[in-house]
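Enquirer: sequence first, predicted coordinates after that:
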Amino acid sequence: MNEKWQEITKQAAVITLSITIMAIGVYFFKFPNNFVFGGVTGTAALVAKLTPISASAFSSAANLILLVIGLVFLGKSFAITTGYASVLLSFELMLLEKFVPIDGPLSDQPMLDLVFAIALPAIASALLFNVGASSGGTDVIALIVEKYTHLHNIAAALFLTDLFMVVAACFVFDLYTALYSFVGLAVKSLVIDEVLERIKMCKSILIVCDDKDAVCEFIMKNLHRGATYTPCNGAYTDKPHFMIFTTLTQREADCLQEHIHDKNLNAFMTMLSTTEVFGKGFNH
């Protein structure tokens, strides 16, 4: 039970931090420049331009509708985490709108604003996807597309889902804003993909050693991971050794490397980076 609550607390902390990062990027850099990278916030920028409805009010209503859709197609757990994220994002945007009103872009350098408008929400989205949540909005549609089609790449699904809003920006704002928005959408998708790859990065490790017990016990008891070993012989000396294979996170791999070094174990170790790992303790 304690482990379950620790996991829930950790997930809530990551969601809160991610949404705060996203709110800063959206409010201070995206809204003032009318950048439309898609999503509910992109649609909100269009609606705020064309109607009296504020961007934050529209975001709240649209997120609620899409949250119900997410509950139907993606499950209760996703709806709870995304619901919390959506409410928090709307709340933070309203707070910023009330206490930190801004009349225009923070700088006279659109490219500088564009960098922050892309990077902050993209990093936040990647962190949310990694803990099984999203900020709501069209992220929900993208996740449904990823789940029920052969497009098993969330960044590509987001690009296709949000492309419509970028096209719409061409008719509402000036050409430069539309071009900036298209570049922003493309780079945002690439940043999300890259950050997710880095977060999911693991190490496939192959070890040739004399004392398999010292290595395997550390992997199982200290790192709580599994390992597979088999007897082998060195080609040069023809002496018997053991070959051990395991997959660890980057932090765990560093711990194993330090253990082998500290214990002066006679071992030869190679590590390969991998992002697609399926099994207990990793993706299922």
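Expert: Here it is on my side, so go on.

Enquirer: which residues in this protein form helices?
Expert: Assigned by DSSP state H, the helices in the chain fall at 2-25, 39-50, 55-74, 76-99, 110-130, 138-148, 154-172, 175-200, 212-217, 250-262.

Enquirer: among those helices, which comes closest to Ile244?
Expert: helix 212-217 (5.7 Å; CB to CB). C-beta coordinates here come from the backbone N, C-alpha and C atoms, glycine included.

Enquirer: ranking the helices of the chain by mean neighbour count, which comes first?
Expert: For the helices of the chain, the largest average neighbour count (mean count of other CB atoms under 10 Å) is found in helix 39-50, namely a mean of 22.

Enquirer: give me the mean pLDDT for that one.
Expert: For helix 39-50, mean pLDDT rounds to 69.

Enquirer: repeat that for stretch 193-209.
Expert: On average, stretch 193-209 scores 88.

Enquirer: mind checking which helix or strand of this protein has the lowest mean pLDDT?
Expert: Taking mean pLDDT, DSSP states H and E as the measure, the chain has helix 39-50 as its least confident helix or strand, at a mean of 69.

Enquirer: now do the contacts for Pro110.
Expert: Residues near Pro110 by CB atoms under 8 Å, 6 or more residues apart in numbering: 33, 176, 180.

Enquirer: and what of Leu248?
Expert: Shown in contact with Leu248 (CB under 8 Å, 6+ apart): 202-203, 205, 219, 223, 225, 256.

Enquirer: repeat the analysis, applying 10 Å as the threshold.
Expert: 202-205, 219, 223, 225, 227, 254-257, 271, 277, 281 (CB atoms under 10 Å, 6 or more residues apart in numbering).

Enquirer: what about it, distance to Lys263?
Expert: 17 Å (CB to CB, to the nearest Å).

Enquirer: returning to what we had before: how about CSV for the helices of the chain, with distance to Met243 added?
Expert: Shown next, in CSV, are the helices of the chain (distance: least, CB to CB, whole Å):
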stretch, distance to Met243
helix 2-25, 33
helix 39-50, 49
helix 55-74, 42
helix 76-99, 40
helix 110-130, 32
helix 138-148, 37
helix 154-172, 36
helix 175-200, 26
helix 212-217, 9
helix 250-262, 15
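
Enquirer: quick one, which of the ones you listed is nearest to His241?
Expert: So among the helices of the chain, helix 212-217 is nearest, using CB to CB, at 8.8 Å.

Enquirer: who touches Ser273 in this structure?
Expert: Listed by CB under 10 Å, 6+ apart, the contact set of Ser273 reads 197-198, 201-204, 250, 253.

Enquirer: look up the residues forming beta bridges with it.
Expert: Listed by DSSP bridges, the beta-bridge partners for Ser273 are Lys203.

Enquirer: for the residue most central in space within the chain, what are its contacts?
Expert: In the chain, the residue lying closest to the centroid (CA atoms, centre = their mean) is Ala126, at 1.6 Å. In this structure, Ala126 makes contact with 18, 154-155, 191-200, judged by CB under 10 Å, 6+ apart.
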